[in-house]
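Q: Need a 3D model of the sequence below.
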Amino acid sequence: MRISPQSRTVLLYVLLSGLWIWLSDRALDALVRSRAELSWLQSIKGWLFVACTGALLYWMIGRDLRRLRAVNRRLLDGHEQALRVLVSAMDIRHRETGDHSDRVTRMATGLARLAGVRGKALRNLSFGALLHDIGKLALPDAVLIKPGKLDDEELAVMRQHPRLGHELLQRVDFLRDAGDIPHSHHERWDGCGYPQGLRGEEIPLAARIFSVVDVWDALITARVYKPAWPESEVLDYLRDAAGSQLDPELVALFLENYDELKVLAR
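A: Presented below is the predicted three-dimensional model:
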């Protein structure tokens with residue numbers, strides 16, 4: 001029968017504690033004759049027992065927590081690998097260029113670090129960037145990969161994908177906090193975006209960061225509906241879009257660190 005980790009910890013603690021009490025009592029009975037001295041030594045022994053068992057418990061709990069963190073890390077890595085396989089298939093279906101989703105994830109994460117995003121917020125941003133177009137899985141191919149311009153009805157269908165993506169992520173526990181980018185990366189700084197018409201800093205920071213990178217990538221790479229733009233024209237477009245489509249401070253941060261961020265796209 002396999003013993004659970006908590007049972008093993010309790011058994012080890014009880015065994016070592018009982019062994020200490022028995023051996024120390026035998027030793028004191030054999031070596032000490034004075035009642036006053038025996039009482040004083042018993043007190044010292046009691047405090048020593050508390051200190052030693054506290055240190056033992058600290059070590060045992062720390063060991064189990066390290067194992068738990070390692071298991072959680074492997075589990076999270078497994079989730080991420082599965083997501084990357086899904087996203088690769090999604091990019092192929094969307095006829096995106098190369099590793100589009102991985103590329104914009106790397107760049108958005110880099111820009112987020114420059115903007116001071118850290119810890120869990122950075123992890124959620126990374127997952128959100130990777131899955132930014134997950135809602136497009138629910139769209140028909142006739143709209144999704146149409147080579148020409150979408151008509152009004154098709155455009156209305158296409159604009160459902162942020163809401164659909166957000167709803168999909170809310171069904172997955174570890175992705176619920178990663179929904180800002182899928183839901184809001186088509187919002188505009190001037191409030192003319194979709195699906196909620198958010199304006200300025202009403203737009204979540206993660207989505208504002210990602211939008212700068214996504215616009216850059218959309219213009220500088222060829223798509224089914226357009227050729228790639230020259231790099232100089234892409235950068236000019238970002239400068240012009242600052243304060244209307246995009247957060248002006250984040251555009252400035254992107255341009256100031258452009259060479260460093262561009263390396264992440266390779």
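Q: Can you report how many residues neighbour residue 175?
A: 19 (other C-beta atoms under 10 Å). Bear in mind the C-beta positions are built from the backbone N, C-alpha and C, glycine included.
Q: how much space between the nearest residue to it once chain neighbours are set aside and residue 139?
A: Nearest residue to residue 175 in three dimensions, chain neighbours excluded: residue 169, at 4.4 Å (C-beta to C-beta, 6 or more residues apart in numbering). From residue 169 across to residue 139, the span is 16 Å (C-beta to C-beta, to the nearest Å).
Q: more neighbours, the two?
A: Ranked by neighbour count (other C-beta under 10 Å), residue 169 and residue 139 place residue 169 first, with 23 against 18.
Q: can I assume the more buried one is in contact with residue 182?
A: Yes - counting by C-beta atoms under 8 Å, residue 182 is a contact partner of residue 169 at 6.2 Å.
Q: Looking at the helix or strand containing residue 218 now, give me its mean pLDDT.
A: Under the criterion of DSSP states H and E, residue 218 resides in helix 205-220. Averaged across helix 205-220, pLDDT comes to 96.
Q: Please name every helix or strand in contact with that helix.
A: Packing partners of helix 205-220 (3 or more C-beta pairs under 8 Å, 6 or more residues apart in numbering; DSSP states H and E): helix 100-114, helix 119-130, helix 180-184, helix 231-241, helix 248-256.
Q: Mind checking these for the one nearest to residue 222?
A: Residue 222 lies closest to helix 100-114 among the helices and strands packed on helix 205-220, at 11.2 Å (C-beta to C-beta).
Q: Could you give the separation of that closest one from the chain centroid?
A: Once both centres are worked out by C-alpha atoms, centre = their mean, to the nearest Å, helix 100-114 turns out to sit 12 Å from its chain's centre.
Q: I'd like to check the angle between that helix and helix 205-220, please.
A: Counting by axes from the mean of the first three to the mean of the last three C-alpha atoms, to 10 degrees, helix 100-114 lies at 130 degrees to helix 205-220.
Q: can I get the CA coordinates of the helix holding residue 218 in CSV?
A: In CSV, the C-alpha atoms belonging to helix 205-220 read as follows (Å, rounded to 0.1, in the frame of the first residue of the first chain):
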residue,chain,number,x,y,z
LEU,A,205,-2.7,47.6,-20.1
ALA,A,206,-2.0,44.2,-21.5
ALA,A,207,-4.3,44.8,-24.5
ARG,A,208,-2.7,48.3,-25.1
ILE,A,209,0.7,46.7,-25.0
PHE,A,210,-0.3,43.9,-27.4
SER,A,211,-2.0,46.3,-29.8
VAL,A,212,1.2,48.1,-30.6
VAL,A,213,3.0,44.9,-31.4
ASP,A,214,0.1,43.4,-33.3
VAL,A,215,-0.3,46.5,-35.5
TRP,A,216,3.5,46.4,-36.2
ASP,A,217,3.4,42.7,-37.1
ALA,A,218,0.2,43.0,-39.2
LEU,A,219,1.8,45.7,-41.4
ILE,A,220,5.4,44.4,-41.7
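Q: rewinding a little: from residue 131, how far off is the residue nearest to residue 175?
A: Counting by C-beta to C-beta - residue 169 and residue 131 are separated by 7 Å.
Q: where in the stretch 101-250 of the chain is pLDDT low?
A: Residue ranges of the stretch 101-250 of the chain with pLDDT under 70: 224-225.
Q: let's go with 80 and repeat that
A: Along the stretch 101-250 of the chain, the parts satisfying pLDDT under 80 run over 141, 144-148, 222-226.
Q: Could you measure from residue 243 over to residue 40?
A: The spacing between residue 243 and residue 40, counted by C-beta to C-beta, is 78 Å.
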